[in-house]
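>>> would you be able to build a 3D model of this:
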Amino acid sequence: MAHLIAAYRTAVVPRGGTFARLSIEELGVPVIRACLATAGLDPADIDELVVSNALGAGGNPARRTALAAGLPERIAGLSIDRQCAGGLDAILIAAAMVDSGAAHAVLAGGVESYSRRPLRFATDPDGGPPVAYDEAPFTPWPDRNPGMAEAADALARGLSISRAEQEAWAVASHAKALAADLGAEIVPLAGQARDAFARRLTPALAARAPVVAGSITAATAAVAADAAAFVVVVSDRIAARYDHRLRIVGGATLGADPMEPGLAPLAAIRKVWDGGPLAMAEVMEAYAVQAMAVVRGAGIDPAIVNLGGGALARGHPIGASGAILAVRLFHGLRTGRGLAAIAAAGGIGSALLVEVSGA
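Down below sits the predicted model:
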């Protein structure tokens, strides 16, 4: 079985903030080194590095990060792009490597610099000027490729979740983030040792937030951000040495209706979780309504969800967001089982179920 034995992240900082000048390697390396130091592993003990990066950095970000971190040159590095789900999927890939016997120790997670993402252009085959675009298509069908905010608004209308209910969720997310002490999971970087975005959001302030699409506002949609998050995934043989470890009970990534990306995690959750007791759940808050729909649809107790606040209070560093959920579970879960779930554009949902297995 695969286990998590160490997990860290940077703070999450909205684009253009403290991390704006840092490359993805500069974001990722300190977190990787902290994971190795806590696990007491030498770089030579690592079999692979799996890195999620969604914004088109190119050049195999995993390989670049492995070299920058001083990992052995034999580590080729595996870069993946499953958009928002990628950071969690990197961990699931690492677990599959360990479970298959192909590896004994894998570093996995995600890193994203929204601030330094490349400018993207589509070339004109007829020789005209290149056309800039900010977001790639997530399906091959223009009529089944909704914008994420528009899809979130459609979800709210379909489930009769009001703007006021979404705002209440966002207010609670910020309040939990401000009340939580998450310093143990954050590697200080560039003078930033805590998430930068959390604030005293009141219902009155939320009600004045600009509308993004229909009932979706700037208060109920997560801001674009920069961050890195990694975990160490190891085999039973290595895990037995550690007092605190999380055994990976199950994981799944499944496709669903591209028109309803917010509901995509439900199938993955059902595949890995039988509805038994959970001590903690981390559900991605790209949009308040998305998290609300997943919690309601899966039958998760809202009282155990996002205990330290969610992405509405942190920000959304796309390729790293799923890995941040796993880091939160590692540091927050002290007994029982925990669940992480995330949706991605194009109708993709991922879920991870873990349980405390150390002393």
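>>> from here on, just use CA atoms for contacts and neighbour counts.
Noted.
>>> can you map out the helices along the stretch 1-150 of the chain?
Assigned by DSSP state H, counting those that start in this stretch, the stretch 1-150 of the chain shows helices spanning 24-39, 61-68, 86-100, 148-159.
>>> could the ones you listed go into TSV alongside distance to Ala224?
Output for these, formatted as TSV (distance: least, Cα to Cα, whole Å):
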stretch	distance to Ala224
helix 24-39	15
helix 61-68	20
helix 86-100	15
helix 148-159	13
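>>> quick one: low-confidence ranges for the stretch 101-250 of the chain?
Scanning the stretch 101-250 of the chain for pLDDT under 70 picks out nothing.
>>> switch the cut-off to 90
Along the stretch 101-250 of the chain, segments meeting pLDDT under 90 span 118-122, 124, 126-127, 131-139, 142-147.
>>> hey, where'd the strands end up in it?
Ranges of strands within the stretch 101-250 of the chain are 105-113, 120-122, 131-133, 211-213, 216-217, 225-234, 246-255, based on DSSP state E, counting those that start in this stretch.
>>> and the fifth one, what does it pack onto?
Packing partners of strand 216-217 (3 or more Cα pairs under 8 Å, 6 or more residues apart in numbering; DSSP states H and E): helix 148-159.
>>> mind listing what's buried in the helix it packs on?
Neighbour counts over helix 148-159 (16 or more other Cα atoms under 10 Å) mark Met148, Ala149, Glu150, Ala151, Ala152, Asp153, Ala154, Leu155, Ala156 as buried.
>>> same deal with stretch 94-111?
Neighbour count says stretch 94-111 has 94-99, 103-111 buried, by 16+ other Cα under 10 Å.
>>> again, but for stretch 243-260
Applying 16+ other Cα under 10 Å to stretch 243-260 flags 244-256, 258-260 as buried.
>>> which one of the buried residues of helix 148-159 is nearest to Gly332?
Ala152 (28.6 Å; Cα to Cα).
>>> who's in contact with the closest one?
Residues in contact with Ala152 (Cα atoms under 8 Å, 6 or more residues apart in numbering) are Ile216, Gly262, Tyr287, Val289, Gln290.
>>> is Ile161 in contact with Val289, as I believe?
Yes. Checked against Cα atoms under 8 Å, the pair Ile161 and Val289 is within contact range at 7.1 Å.
>>> higher neighbour count, those two?
When neighbours are counted by other Cα atoms under 10 Å, Ile161 and Val289 differ, and Val289 comes out ahead with 30 against 17.
>>> for that one, phi and psi?
Here is the backbone geometry of Val289 (degrees, to the nearest 10): phi -60, psi -30.
>>> pretty sure it is touching Gln166, no?
Yes. Contact criterion Cα under 8 Å: Val289 and Gln166 qualify, at 5.9 Å.
>>> tell me, what's touching those two both at once?
Residues touching both Val289 and Gln166 (Cα under 8 Å, 6+ apart): Thr220.
>>> just to be sure, Leu325 is in a helix?
Yes. Counting by DSSP: H, G, I helix; E, B strand; the rest coil, one finds Leu325 located in a helix.
>>> from memory it sits against Val283, does it?
Yes. Contact criterion Cα under 8 Å: Leu325 and Val283 qualify, at 7.5 Å.
>>> between those two, what contacts are shared?
Ala340, Ala341.
>>> what angle separates the one helix or strand Leu352 maps to from strand 246-255?
Using DSSP states H and E, Leu352 sits in strand 348-356. Relative orientation of strand 348-356 versus strand 246-255 (axes from the mean of the first three to the mean of the last three Cα atoms, to 10 degrees): 170 degrees.
>>> who are the packing partners of strand 348-356?
helix 86-100, strand 246-255, helix 265-272, strand 337-344.
>>> quick one: residues contacting Leu27.
Counted by Cα under 8 Å, 6+ apart, Leu27 has contacts Thr10, Phe19, Val111, Leu189, Ala227, Ala228.
>>> which of those sit farthest apart?
Once Cα to Cα is applied, the contacts of Leu27 give Val111 and Leu189 as the farthest pair, at 13.8 Å.
>>> about what we covered before: Ser79 is nearest to which of the strands of the stretch 101-250 of the chain?
When the strands of the stretch 101-250 of the chain are compared (using Cα to Cα), the closest one is strand 105-113, at 9.1 Å.
>>> which SS state does Arg296 fall under?
helix.
>>> any idea how many residues pack against it?
By other Cα under 10 Å, 12 other residues sit near Arg296.
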